[in-house]
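> My questions concern the predicted model and sequence given below.
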Amino acid sequence: MNEDLILGLLNENLIPILAALFLLLCLFLGVRIVPQSEKYVVERFGRLRAVLGPGINFIVPFMDVVRHKVSVLERQLPNESQDAITSDNALVQVETSVFYRVTEPERTVYRIRDVDGAVQTTIAGIVRSEIGKMELDEVQSNRTQLISQIKILVEEAVDDWGIEVTRAEILDVNLDAATREAMLQQLNAERARRASVTEAEGHKRATELNADAELYAAEQAAKARRVTADAEAYATQVVAEAINTHGIESAQFQVALKQVEAVTEIARGEGQQTIVLPSSAMDAFGEAFGMLTGKARK
């Protein structure tokens, strides 16, 4: 009796139960919650239907299918090393690092199979091409410019894949042993040349300074001789004027007075207690005294 009752109830409510289950299934298949870091690519019967962004999205159950879930986070490719030859035939090994992110998932999904491999291959080709246009010294000194150029070329190459290259770095540029040895020898030769130039410039500067010092000494000696000559000329002029004005006696008086002053200066010297004078000196004293007396009488 109970079994018949249960079967009757099921028969009466079967259709509503099935309808409720169908609605739950449609709700489950038709509602998609997309995380912030992803985008969903939806297909309808094998063709692209839509790209779902972050948040709640609705699709048509049983017709639309989420075929691809693509992360839009920035990705870093493994560091890659490749050989390259510069324009001056130097072999270098370049280590690169690339960061990119997916901006258009539908293009990334349907236009390229292995994004990471494709980007690495593109980077390797562009690096070899750009380094081949530069000499070794330029590669070492203009690394920033080289990185900028590589980034621009990579962005142009991967534009059809729906990705954006955010950073491209050259981590290191290594030289082979032969090139490194040649550069070391060149560096040592350059240092020796600079040392020789510096030493030569030092000798040149010292010679110039010695010449300037000798020239200065000669100029000062010439000035001293000129001053002495001017003094002698002035003294001669004074004596001549005295003779012309006061006669020969005034000139003799001036000469005798100078002789007396000279003897007096000798007597003032240290340790000079005894002075031996020649007869001419005594005559000079007498003449000076006589002239002073004569002038006093006048």
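On my side now, so go ahead. Numbering: from 1, shown residues only.

> List the contacts of stretch 29-45.
48-73, 102, 105-106, 109 (C-beta atoms under 8 Å, 6 or more residues apart in numbering). C-beta coordinates here come from the backbone N, C-alpha and C atoms, glycine included.

> 7 Å - rerun?
Stretch 29-45 is contacted from outside by 48-73, 105-106, 109, using C-beta atoms under 7 Å, 6 or more residues apart in numbering.

> same deal with stretch 105-122?
39, 41, 48, 51, 68, 70, 77, 80, 98, 100, 102, 154, 157-158, 160-163.

> re earlier: ok, of the contacts of stretch 29-45, which come out buried?
Buried members of the contacts of stretch 29-45, counted by 16 or more other C-beta atoms under 10 Å: 49, 51-52, 57, 59, 64-66, 68, 70, 72, 105-106, 109.

> and the residue nearest to residue 172 when sequence neighbours are not counted, what element?
Sequence neighbours aside, residue 95 is the residue nearest to residue 172 in space, at 4.5 Å (criterion: C-beta to C-beta, 6 or more residues apart in numbering). Using DSSP states H and E, residue 95 maps to strand 91-102.

> how far out from the middle of the chain is that strand?
Using C-alpha atoms, centre = their mean, to the nearest Å, the mean C-alpha position of strand 91-102 is found 25 Å from that of the whole chain.

> so what strands line up beside it?
Using DSSP bridges, the strands paired with strand 91-102 are strand 75-76 (antiparallel), strand 80-85 (antiparallel), strand 163-175 (antiparallel).

> Check which element follows that strand along the chain.
Using DSSP H and E, the next helix or strand after strand 91-102 towards the C-terminus is helix 105-111.

> and this protein, what are its domains?
2-70, 75-175, 187-246, 247-298 (automatic domain parsing).

> closest to residue 181 out of those?
Among the domains of the chain, domain 75-175 comes nearest to residue 181, with 9.2 Å by C-beta to C-beta.

> Helices of the stretch 151-298 of the chain, residue ranges please.
Using DSSP state H, counting those that start in this stretch, the helices of the stretch 151-298 of the chain run over 177-246, 248-267, 279-297.

> Least confident of these, on average?
Lowest mean pLDDT within the helices of the stretch 151-298 of the chain: helix 279-297, a mean of 52.

> Out of the contacts of stretch 29-45, name the ones that lie in helices.
Among the contacts of stretch 29-45, the ones falling in helices (DSSP state H) are 105-106, 109.

> Kindly reformat those residues as a markdown table and extend each row with distance to residue 168 and pLDDT.
A markdown table is the format used below for the ones in helices among the contacts of stretch 29-45 (distance: C-beta to C-beta, whole Å; pLDDT from 0 to 100):
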| residue | distance to residue 168 | pLDDT |
| --- | --- | --- |
| 105 | 22 | 93 |
| 106 | 25 | 91 |
| 109 | 24 | 92 |
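
> Buried residues in stretch 125-138, which are they?
Neighbour count says stretch 125-138 has 126-127, 130-131, 134, 136, 138 buried, by 16+ other C-beta under 10 Å.

> Return the distance of that stretch from the chain's centre.
22 Å.

> cool, stretch 42-53 as well?
53 Å.

> Next, the distance between the ends of it.
Distance between the two ends of stretch 42-53: 11 Å, counting by C-alpha to C-alpha, to the nearest Å.

> cool, and stretch 35-55?
End-to-end distance of stretch 35-55: 7 Å, with C-alpha to C-alpha as the criterion.

> And residue 162, its phi and psi?
When read as degrees, to the nearest 10, the backbone of residue 162 gives phi 70, psi 30.

> got a pLDDT number for it?
The model reports residue 162 with a pLDDT of 91.

> need the contact list for it.
Going by C-beta under 7 Å, 6+ apart, residue 162 touches 102-108.

> one step back: can you give me the angle the strand holding residue 95 makes with helix 177-246?
If you take axes from the mean of the first three to the mean of the last three C-alpha atoms, to 10 degrees, strand 91-102 sits at 100 degrees to helix 177-246.

> what sits up against strand 91-102?
Strand 91-102 has contacts (C-beta under 7 Å, 6+ apart) with 70, 72-77, 79-86, 108, 119, 123, 127, 131, 139, 162-176, 179.

> Now it: average pLDDT?
The model assigns strand 91-102 a mean pLDDT of 89.
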